[in-house]
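Student: only the shape, not the letters, is given here:
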């Protein structure tokens, strides 16, 4: 039953207990009123079936021209979530425009093409695993998020896009600022300006030396006579690909390692062959989605969502983490991490409907390979601090921890990795 309280719930970044916060939102009903940064009213759709239907509803849009407060000038410059609403790309387009912007990305990330990347992804795990061993040589601890979970997806997406190594760390830092929901307006504006500048340098490098990469393909679409892509759309697509293309996988790997360290019985099931690494990835996506609340969608008319009417033009968050632990979809033990779970409900962590994430197959592949390699080489790996001491990310968009201190333990060496 939904609670009677109709007052909006402020969304606090870096909440110490994401699961408890999500449970409180779910208790408010399928669609819960929330307060976004700056006191901007919005809604969060938190229950699985309501969210699935909302994501594919024909009268729900992504284009920010439907965002009433933005259209009416009530959103101040430097608003932390402005990039999500205003970036030119497939996540803020509808209909034919969305299909036009999505097509080159989807073509580069078909399941068949992703399968061909397996060998390369496996090769790219070796260097961060070696680095993990070196970094842990001192006191026996290392931040696994920075040393392992970050380098692999960042290198994969940058190779796919043709982004030079000189840009990678700064793109990671800037994308972190862009998704932060605690950043000051001046810092938000500065981060967005610099991110556009860095991506402009990436485009200039690829224009000077085109290659067999997605950025070169996007530039070609931009430079063709019919100009299927504008310069702003080119930059926006690169921004989305670099940020989402590595951050989601980074958080997925981090969350999976954290869960396995906290649930050694589940790790044992994988080692005994009673579950596999794909099961670990799927259960992590459900139990601890790397995206907590994804901005934005807008009803194009007053819309009833599970008995709650969301006014036309209101910004709505897709609350993937809350939906993943919805007892109505996943049973009374939805809060339990269980790699043998065979849920009847289809996961929503990568979205649903026309805007489902085209990079989902690649993220799943990277996570499976990374986890298998990590726990094969370091079978005794465990957390170096109590789980309660882990610090959450400073955002309610992403769902993970800022650092993951671990003790790798004995190193079986690269010869046994795989």
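Tutor: Looks like it came in fine. What you see is a predicted model; the values in this text were computed from it and never measured.
Student: can you give me the helices in the stretch 251-400 of the chain?
Tutor: Along the stretch 251-400 of the chain, the stretches classed as helices by DSSP state H, counting those that start in this stretch are 264-271, 277-287, 320-324, 327-330, 360-377.
Student: ok and the last one relative to helix 264-271, angle-wise?
Tutor: Read it as helix 360-377. Following axes from the mean of the first three to the mean of the last three CA atoms, to 10 degrees, one obtains 100 degrees for the angle between helix 360-377 and helix 264-271.
Student: check the helices of the stretch 251-400 of the chain for me and report the most buried one.
Tutor: Mean neighbours per residue, mean count of other CB atoms under 10 Å, is largest over the helices of the stretch 251-400 of the chain for helix 320-324, with a mean of 28. C-beta here means a position set from N, CA and C on the backbone, and glycine is covered the same way.
Student: bridged to residue 305, which residues?
Tutor: In this entry, residue 305 is beta-bridged to residue 308, by DSSP bridges.
Student: ugh, wrong one, residue 32
Tutor: When bridges are taken as DSSP bridges, the partners of residue 32 come out as residue 44.
Student: which pLDDT value belongs to it?
Tutor: Predicted confidence (pLDDT) for residue 32: 97.
Student: in contact with it, which residues?
Tutor: By CB atoms under 8 Å, 6 or more residues apart in numbering, residue 32 lies in contact with 9, 25, 26, 43, 44, 46, 308.
Student: can you select the buried ones from these in ChimeraX?
Tutor: Provided next is the ChimeraX selection string for whichever of the contacts of residue 32 are buried by 16 or more other CB atoms under 10 Å:
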select :25,26,43,44,46,308
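Student: nearest to residue 86, out of the helices of the stretch 251-400 of the chain?
Tutor: The closest approach between residue 86 and any of the helices of the stretch 251-400 of the chain, judged by CB to CB, belongs to helix 320-324 at 21.8 Å.
Student: how much space separates residue 414 from residue 120?
Tutor: 17 Å (CB to CB, to the nearest Å).
Student: swap in residue 89?
Tutor: 26 Å.
Student: which of the two has more neighbours?
Tutor: Counting neighbours by other CB atoms under 10 Å for residue 89 and for residue 120 shows that residue 89 has the greater number, 22 against 12.
Student: okay, now the closest residue to that one other than its chain neighbours: neighbour count?
Tutor: Distances taken as CB to CB, 6 or more residues apart in numbering put residue 236 closest to residue 89, at 3.7 Å, once the chain neighbours are dropped. The tally of other residues near residue 236 (other CB under 10 Å) stands at 24.
Student: what do you get for residue 380?
Tutor: By other CB under 10 Å, 11 other residues sit near residue 380.
Student: which residues touch the residue nearest to residue 89?
Tutor: Contacts for residue 236 (CB under 8 Å, 6+ apart) come out as 87, 88, 89, 92.
Student: from these, which is closest to residue 15?
Tutor: Within the contacts of residue 236, proximity to residue 15 (CB to CB) peaks at residue 87, which comes in at 25.3 Å.
Student: and the closest one, how far is that from residue 239?
Tutor: Residue 87 is 6 Å from residue 239, by CB to CB.
Student: so for the two, which sits in the more crowded spot?
Tutor: Neighbours per residue (other CB under 10 Å) separate residue 87 from residue 239, with residue 239 holding more: 24 against 21.
Student: who's in contact with the more buried one?
Tutor: By CB under 8 Å, 6+ apart, the contact list for residue 239 reads 83, 87, 89, 175, 178, 195, 196, 199.
Student: just the buried ones from those, in PyMOL syntax?
Tutor: Buried members of those, identified by 16+ other CB under 10 Å, are gathered into one PyMOL selection as follows:
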select buried, resi 83+87+89+175+178+195+199
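Student: lowest-confidence one in the contacts of residue 239?
Tutor: Scanning these for pLDDT, the smallest score is found at residue 178, 87.
Student: so that one touches residue 81, yeah?
Tutor: No: shown here, residue 178 and residue 81 do not form a contact pair, counting by CB atoms under 8 Å, at 9.8 Å.
Student: count the residues that sit near residue 121.
Tutor: If you count neighbours by other CB under 10 Å, residue 121 ends up with 21.
Student: same thing with residue 54?
Tutor: 24.
Student: excluding residues flanking it in the chain, which one is nearest it?
Tutor: Residue 54 sits nearest to residue 45 (CB to CB, 6+ apart), 5.0 Å away.
Student: swap in residue 47?
Tutor: Distance criterion CB to CB, 6+ apart; nearest residue to residue 47, sequence neighbours excluded, is residue 30 at 4.4 Å.
Student: quick one, grab the pLDDT at the spatially most central residue of the chain.
Tutor: Centroid-nearest residue in the chain: residue 248, 3.1 Å away (criterion: CA atoms, centre = their mean). What the model reports as pLDDT for residue 248 is 96.
Student: double-check that it belongs to a helix.
Tutor: Yes: secondary structure of residue 248, determined by DSSP: H, G, I helix; E, B strand; the rest coil: located in a helix.
Student: check contacts around it.
Tutor: So, once contact is read as CB under 8 Å, 6+ apart, residue 248 ends up touching 290, 291, 357, 359, 363.
Student: what stretches of this protein score poorly on pLDDT?
Tutor: Counting by pLDDT under 70, the chain shows low-confidence ranges at 1-5, 225, 227, 415-418.
Student: mind listing the strands for it?
Tutor: Read by DSSP state E, the chain holds these strands, from start to end of the chain: 9-10, 31-36, 40-45, 60-61, 142-143, 294-299, 303-305, 308-310, 316-318, 382-383, 405-407.
Student: in a markdown table: the ones you listed, plus distance to residue 125.
Tutor: Shown next, in a markdown table, are those (distance: least, CB to CB, whole Å):
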| stretch | distance to residue 125 |
| --- | --- |
| strand 9-10 | 40 |
| strand 31-36 | 38 |
| strand 40-45 | 36 |
| strand 60-61 | 39 |
| strand 142-143 | 16 |
| strand 294-299 | 28 |
| strand 303-305 | 42 |
| strand 308-310 | 44 |
| strand 316-318 | 31 |
| strand 382-383 | 20 |
| strand 405-407 | 16 |
